[in-house]
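In: how would this look folded up:
(one chain, ligands or ions: 1)
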Amino acid sequence: MSTATPQPRGNHRSRAETTMSELAIQLTDVSLKYNDFTALDGVSFDVEAGQTMALLGHNGAGKSSLIKIILGLIMPTSGTVNILGQNAQESQAHNSVRLGYLPEDANFYDKLTGCEVLSYFAALKGVNQPRVASLIEEFGLEYAQHRQLKTYSKGMKQRLGVAQAILSEPKVLLLDEPTVGLDPQASQFLYGKINQLKLAGCAVVISTHELSLAESHLDRALIMAKGKRLAIGSCAELRNASSIKTRIHFSELSERVKTNAYLQQFYQDGLLQFDADKKVDIVKHLVSQCQIFDFEIKEPRLEDIYHDLMGQSLRSSVEQS
Ligand SMILES: Nc1ncnc2c1ncn2[C@@H]1O[C@H](COP(=O)(O)OP(=O)(O)OP(=O)(O)O)[C@@H](O)[C@H]1O
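Out: Prediction:
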């Protein structure tokens, strides 16, 4: 089983350089049992302020359970959870303003209007009415704000749910499958909003099955399988952990590549195929030694990496049984 452990990350500071106060979310060795069933098994990860972490995994992998633990809604059976520098359970009341949460299948009382729902949460969180009005407008719900929720479509309810989650401009935002039911424009708008919050220092955790959408917006991903951490890292780090090769296609004659002492080991079926961490060296050789400038690099997408790592995990658990 491949596991990408957190390495010093491109633009990000290494763990040693990150001070405790910048770690918005910190879970250490967290396990959770529902009666005899182990839903989470020794999961550790952290999220820095201003970073987006995607939670990925099969149905029942434990993503929603992790989010509820971060919120302090359920207690882990063991392990520690620190949110914004405080223990999650002890600081639950205080955190209700600093944390924003969109539950999976968010359901509000459907006799209320959209405006009433947001105003209710605004009152709970001490948020003023102009903020409610501006979110209703931004999320394209102005025309329906005085209609009861039972007249809303799924996507309209989801927009309202996301508006509710970011109402108090939280320091930690937890979104459980936020793009389900959203049309492509609304999804892009949501990720745009998330980017704004990140710039303001918000740590964002998104549980999602929509990998291609999440890929360009996440800083790191945590891949869960059967309650365990399967892999964690940036897309580049996960690529390195995956067995899927990066490929370079070139339109020019490949004779120079075939005969190059370094490149020939990666040459196969008319293209170069190699592990992601060799990319820089290979491109340097192509350009400086072979004078080949017209080529296309095809890196594995997050979805391919996900399936590969899940497959490796499945094979390893079959071998162990
Ligand atoms: N209250 C509960 N009582 C018993 N088992 C539970 C409870 N809540 C969740 N589980 C179990 O814990 C496991 C993890 O559930 P969880 O909802 O965290 O998964 P998930 O990764 O969010 O799944 P999905 O992608 O389907 O939403 C599942 O096997 C689920 O059946």
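In: When you work out contacts or count neighbours from here on, use the C-alpha atoms and nothing else.
Out: Will do.
In: just for the stretch 1-150 of the chain, where's the confidence low?
Out: 1-21, 89-97 (pLDDT under 70).
In: mind listing the strands for it?
Out: Assigned by DSSP state E, counting those that start in this stretch, the strands in the stretch 1-150 of the chain fall at 23-34, 37-48, 52-57, 78-83, 86-87, 99-102.
In: Can you tell me what sits against stretch 136-151?
Out: 108-116, 156-157, 159-160, 163 (CA atoms under 8 Å, 6 or more residues apart in numbering).
In: List only those of those residues flagged as buried.
Out: With burial judged by 16 or more other CA atoms under 10 Å, the buried subset of the contacts of stretch 136-151 is Leu112, Thr113, Gly114, Cys115, Glu116, Met156, Lys157, Arg159, Leu160, Ala163.
In: In a markdown table: the residues you listed, plus distance to the ligand.
Out: A markdown table is the format used below for the buried ones among the contacts of stretch 136-151 (distance: CA to the nearest ligand atom, whole Å):
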| residue | distance to the ligand |
| --- | --- |
| Leu112 | 27 |
| Thr113 | 27 |
| Gly114 | 25 |
| Cys115 | 28 |
| Glu116 | 28 |
| Met156 | 21 |
| Lys157 | 18 |
| Arg159 | 19 |
| Leu160 | 20 |
| Ala163 | 21 |
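In: which among the residues you listed gets closest to Gln291?
Out: Nearest to Gln291, judged by CA to CA, of the buried ones among the contacts of stretch 136-151 is Arg159 at 51.6 Å.
In: after the helix or strand where the closest one lies comes which helix or strand?
Out: Using DSSP states H and E, Arg159 sits within helix 154-166. Toward the C-terminus, helix 154-166 is succeeded by strand 172-176 as the next helix or strand (DSSP H and E).
In: Need phi/psi at Asp308.
Out: phi -60, psi -50 (degrees, to the nearest 10).
In: Distance check, the closest residue to it other than its chain neighbours against Leu272.
Out: Using CA to CA, 6 or more residues apart in numbering and skipping the chain neighbours, the partner closest in space to Asp308 is Ser242 (6.4 Å). Relative to Leu272, Ser242 is positioned 17 Å away (CA to CA, to the nearest Å).
In: Around the ligand, pick out the residues from this structure.
Out: When proximity is defined by CA under 6 Å from any ligand atom, the chain lies next to the ligand at Tyr34, Ala39, His58, Asn59, Gly60, Ala61, Gly62, Lys63, Ser64, Ser65.
In: Can you give me the separation between Leu84 and Leu222?
Out: Leu84 is 20 Å from Leu222, by CA to CA.
In: and what of Asp304?
Out: From Asp304 to Leu222 the distance is 15 Å (CA to CA).
In: of the two, who's got more company?
Out: Between Asp304 and Leu222, Leu222 has the larger neighbour count (other CA atoms under 10 Å), namely 24 against 16.
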